[in-house]
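Peer 1: Generate coordinates for the sequence data below:
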Amino acid sequence: MNFEPQIPYILFQFLFLGLCNGLDTISITQPIKDGDGGGDVLVSNGETFALGFFSPGKSNYRYVGIWYHKIPGKTVVWVANRDNPINGTSGFLSIDTQGNLVLFDNNDQTVPVWSSNSSSLPTNEYALAQLLDSGNLVLFQNESKQLLWQSFDYPTDTTLPDMKFGIDRSTGLNRFLTSWKSEDDPSAGNYSYRIDRAGSPQFILYKGQVPWWRSGHWNGNAFSGLPLSPGFEPKSHSEWSFRDATNGCVRKPGSLICSKGEGFVELENVKVPDTSKVDVISGLSLEACEKECLRSCNCTAYASANISEGGSGCITWHGKLMDTRIYSGAGQDFYIRVDERELAQYARKSKGSVANKRIRASMAVLGVLILFGIGFFAYWFAKRKRKDNFSVTNMLGQGGFGSVYKGQLINGQEIAVKRLSKHSGQGMQEFKNEVTVIAKLQHRNLVRLLGCCIHKEEKMLIYEYLPNKSLDYFIFASQELVDEIHENYHLDLAIYTETSLLYVLDVTRRSHMDWNKRFKIVNGIARGILYLHQDSRLKIIHRDLKASNVLLDASMNPKISDFGMARMFEKTKFKQIQRELLVPSNGYMSPEYAMQGLYSTKSDVFSFGVLLLEIISGRKNTEYINGSHFPNLIGHVWELWNEGRVLDIVDPALCQPFSSDEVSRCIHIGLLCVQEAATERPTMSDVTFMLANETALPPPNPTAFSFQYTESSKSISGGAVSLNGVSITTLEAR
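Peer 2: Residues are numbered from 1 along each chain as shown. Got it, this is the predicted structure:
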C-alpha cells in the first residue's frame, strides 16, 4: 500500500494536536489574534474561563478580556485595555522578547496598545502566559516557573475567588475595583471600591472622590457591619427617613456631658462608626480605654481595636459618629458616652430587656421539652406499632434461626419478613451469606429476596410472600395431633372425640396434596437444586434442604428457601471442605458430613432423597414407625424394599387414583439418593432425568444410617447395616 499521499494529512493531525494542547497558553510564537469571526479564544484547562477579543454592548471597539466560558452572553470579569480600545479587528495579543504581555494594533506595531510592563527576562529565557481555571491570567518564566505578572493584581470591576484586595506592603501595589462607564464602555467609571487605610482599615465605596458607602473598620475578625445610638439623633431627619446616614448622628440637645453621673452604654454586634478620623492607641485594655475616653469631654465613644484574641488596643471617637448600624450576628461591642439621665433610662430598658430575655429563654426551654415529649411519644408509638406487627397473629413460621412474619410494603405488596433471633445460631456471617447467595440467584423454584435490614442487633430478610406456607404443613401430621396422642395414651371419651376431630382436620389438609401435586413439587425441588449445582454462574451447595425450607406459592409451585448455610464455589475450584460450626438438620444430614465433616453436591442429593421419601410417606425421617426394625424412615423403606412391599409406605391420606408404577419409581429414586457411599448416589442432573423418563434404574445399595432394633430389647444392635458404626447424637441440629 502506498502511504505517501497520507503523510501530509498525518503531519497535519499532529500539528492540530499540538495546537489543541496549547489552547490555554500564549507564547512568542503562539499569539492570540482578533478577526472578523471573533478571533482566537484562549480557554482554561477546565473550560471555566475564556480570554479573547470582544466588543461590549453596542460598541464597535475591540477589547481583550476574560469571561465565563460556559455562561451565555459573555459575563466579562477583567479587561486589559479598558482605557485604550482598538478600532477594528486587527489586534493581536502576544509576548515580546522582554517577557512582557503586549497588545498591538496590527496597523501600528511600533507602540503597544497595552502592556503588562513586567520585569525584563534573564538571557536565554522566555515567558509564557496561561489562563487558569480561577480566571487568573498569569505570566511566568518557562524554565524557573517564576511568576512575572498576573491579572489578579490588576482587577477591573469584578472580584473572583482567591483574588487579593488592598495594598501590597512590599510593592506598594494597590488593588481596587473601578466601575465601567456604561455597558458599552468598560473604561474607568465614576465609582471605585477600595480599602482606606486612614485611621483604622475599612472598605469605602467612592463616587468620584466622595465616600459614598463604607463597610466599617477591620476588627481582626471581619469588617464590622442603623438604629440610633443612646443619647444621639440624626443630624438630618429627612435623610434618615430615607435610610441615608451619610451626615451621621449628633448629641441630643440638652445632653449634659462632662458632668456628674455620666457613663457608657454598651451596644452589641455594632458596625462601628467611620474610623478615618479616630485615635488608635495600641496596648490598652478595654478598661483602660474607658478611662482614656472619660479624660476628654470631646470623646464620644470607644471600642476595642482588635477582638480576635480576647480584645486589645483602643479606638476612641471624638465628635460626630458617622454610619453606625447593628447586625444580627456580626460586628463588635461598642461603648457610647451618655449623660446621667440617658444612662438611667437605658438601665431601666436593660432590666426590661433582661426580663424579656429570661421569659423568651423559659419559653424556648418549654418548647424544646414539649417537642421532645411529642418526639418521644411518636417514637414510642411507632416502636409499639412495629412490635405489634411482629405479633403472633402475623407469624408464618418459626425455626432455629428466628421467626417469619407476614407484612406489607407501602405499595400494598405482601411480603414475608424473616426476623433473626438475637440468640439464634445464625450470626452476621451467615446473614450476609444468605443475602449474597440469594442475590446471585434467579430461578422459578428459588424464593426471591426483596431486601434486607441491619439495625443495631436487629437483622431481617425480606422475601416474596408465598401464601401456602411450607411443604411440611401439608405432608406431615400436625404436631398438635402427635402431642395429643402421646400425652393421652389411654383416651377417655371427651379426649377421644377431640383427638378424632384433630385427626379428621389433619387428614383433610393432607388429602389436598394428591399425587399429581406431590409429583409436581418433587420435580420443582429437583430443578431448583439442579440450578444451584449446575446451571447457576457459581456452584452452590444448599446444605439445609428439608420440608420446612420448601415454600409453596398460590399455585403450589415449590420454592427453596433459607440459604444461611449455603456455600458458593467457582466451578473450576470446587472440592469437598471441612465442616463448619453450623450443621444441617437431623434426619437430612448425609453420612459423610456427619462422620467426617465433609460435604459436596452429593450431600444435597442425600437430603433430596430423604425429602422425596417424606413426601411419598407423609412421615418424617426421624419418626419411629410402629412394627419397624429401624429407627428412621429410610431404614424402614429399605426394609420394605427388600421384602417387596415398598408401596406400604405410601401416605394413607394419599387418595386414589395414582400411578403405582410412578410412585414405586420415585421411591426407587429416593433410595438411590440416600445410599451410603456418596459416589454411588446420582447427580441432580441424573435425578431430573430419571423423574422425567421411564428408563431402567440401577438397584439401590444399602442406605445410610440403617440401624436395626433387636426384637428383644428394642435397642440398637451392633451389627448395623451402615458401614459407619458411629453415632451422630452429639451434633447440635437446628
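Peer 1: how much space between Phe49 and Gln30?
Peer 2: The gap separating Phe49 from Gln30 is 18 Å, by Cβ to Cβ, to the nearest Å. In short, each C-beta sits where N, CA and C put it, glycine included.
Peer 1: er, Pro56 actually
Peer 2: Per Cβ to Cβ, Pro56 is found 26 Å from Gln30.
Peer 1: Looking at the two, which has the bigger crowd around it?
Peer 2: Pro56 (20 against 17; other Cβ atoms under 10 Å).
Peer 1: how deep is Asp40 tucked in, by neighbour count?
Peer 2: Neighbour count of Asp40, defined by other Cβ under 10 Å: 18.
Peer 1: Dig out what the nearest residue to it once chain neighbours are set aside forms beta bridges with.
Peer 2: Once flanking residues are discounted, Asp40 sits nearest to Ile32: 4.6 Å by Cβ to Cβ, 6 or more residues apart in numbering. Bridge pairing for Ile32 (DSSP bridges) gives the partners Leu93.
Peer 1: okay, now Ile32: neighbour count?
Peer 2: Other residues near Ile32 come to 19 when the count uses other Cβ under 10 Å.
Peer 1: cool, and Glu287?
Peer 2: Neighbour count of Glu287, defined by other Cβ under 10 Å: 8.
Peer 1: For the helix or strand that contains Ile667, which residues meet the burial criterion?
Peer 2: Following DSSP states H and E, one finds Ile667 within helix 660-673. Buried residues in helix 660-673, counting neighbours by 16 or more other Cβ atoms under 10 Å, are found at 663, 665-673.
Peer 1: same question, stretch 46-61
Peer 2: Buried, per 16+ other Cβ under 10 Å, within stretch 46-61: 48-54, 56, 61.
Peer 1: just the helices in the stretch 451-600 of the chain please.
Peer 2: Along the stretch 451-600 of the chain, counting by DSSP state H, counting those that start in this stretch, helices occupy 471-475, 479-487, 493-511, 515-530, 591-596.
Peer 1: Which element, helix or strand, includes Ser603?
Peer 2: Applying DSSP H and E, one finds Ser603 within helix 601-617.
Peer 1: helices and strands around that helix, which ones?
Peer 2: Counting contacts by 3 or more Cβ pairs under 8 Å, 6 or more residues apart in numbering; DSSP states H and E, helix 601-617 packs against helix 471-475, helix 515-530, strand 539-541, helix 591-596, helix 633-643, helix 660-673, helix 684-692.
Peer 1: buried set for the second one?
Peer 2: Residues of helix 515-530 classed as buried: 515, 518-519, 521-530 (neighbour count, 16+ other Cβ under 10 Å).
Peer 1: With pLDDT added, can I get these in JSON lines?
Peer 2: JSON lines is the format used below for the buried residues of helix 515-530 (pLDDT from 0 to 100):
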{"residue": "Trp515", "pLDDT": "92"}
{"residue": "Arg518", "pLDDT": "94"}
{"residue": "Phe519", "pLDDT": "95"}
{"residue": "Ile521", "pLDDT": "96"}
{"residue": "Val522", "pLDDT": "97"}
{"residue": "Asn523", "pLDDT": "97"}
{"residue": "Gly524", "pLDDT": "97"}
{"residue": "Ile525", "pLDDT": "97"}
{"residue": "Ala526", "pLDDT": "97"}
{"residue": "Arg527", "pLDDT": "96"}
{"residue": "Gly528", "pLDDT": "95"}
{"residue": "Ile529", "pLDDT": "96"}
{"residue": "Leu530", "pLDDT": "96"}
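Peer 1: Could you dump those residues into TSV with distance to Pro72 added?
Peer 2: Compiled in TSV, the buried residues of helix 515-530 are given as follows (distance: Cβ to Cβ, whole Å):
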residue	distance to Pro72
Trp515	77
Arg518	73
Phe519	73
Ile521	68
Val522	71
Asn523	67
Gly524	63
Ile525	66
Ala526	67
Arg527	62
Gly528	61
Ile529	64
Leu530	63
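Peer 1: domain parsing for this protein?
Peer 2: 15-182, 232-338, 390-465, 515-692 (automatic domain parsing).
Peer 1: ok so, going back, just the buried residues of stretch 46-61: which are in strands?
Peer 2: When DSSP state E is applied, the buried residues of stretch 46-61 are split such that 49-54, 61 fall in strands.
Peer 1: out of these, who's nearest Asp274?
Peer 2: Phe49 (37.3 Å; Cβ to Cβ).
Peer 1: Run a quick neighbour tally on the residue lying closest to the closest one once chain neighbours are set aside.
Peer 2: In space, and not counting its chain neighbours, Phe49 is closest to Gly135: 4.6 Å by Cβ to Cβ, 6+ apart. Counted with other Cβ under 10 Å, the burial measure for Gly135 works out to 24 neighbours.
Peer 1: thought Gly135 was touching Val76?
Peer 2: No. Using Cβ atoms under 8 Å, Gly135 is not in contact with Val76; the gap is 10.8 Å.
Peer 1: Run a quick neighbour tally on Glu342.
Peer 2: 21.
Peer 1: Might one say that it is in contact with Phe264?
Peer 2: No. With contacts counted by Cβ under 8 Å, Glu342 stays clear of Phe264, the gap being 10.6 Å.
Peer 1: Now do the phi/psi pair for Ser312.
Peer 2: phi -160, psi 160 (degrees, to the nearest 10).
Peer 1: list the contacts for it?
Peer 2: 282-285, 304-306 (Cβ atoms under 8 Å, 6 or more residues apart in numbering).
Peer 1: Gly407 too?
Peer 2: 389, 394, 414-417, 462.
Peer 1: Of the residues you listed, just say which sits nearest to Gln146.
Peer 2: Nearest member of the contacts of Gly407 to Gln146, counting by Cβ to Cβ, is Ile462, at 64.7 Å.
Peer 1: That closest one - how many residues pack around it?
Peer 2: Using other Cβ under 10 Å, Ile462 has 16 other residues around it.
Peer 1: May I have the predicted confidence score for it?
Peer 2: We have a pLDDT of 88 for Ile462.
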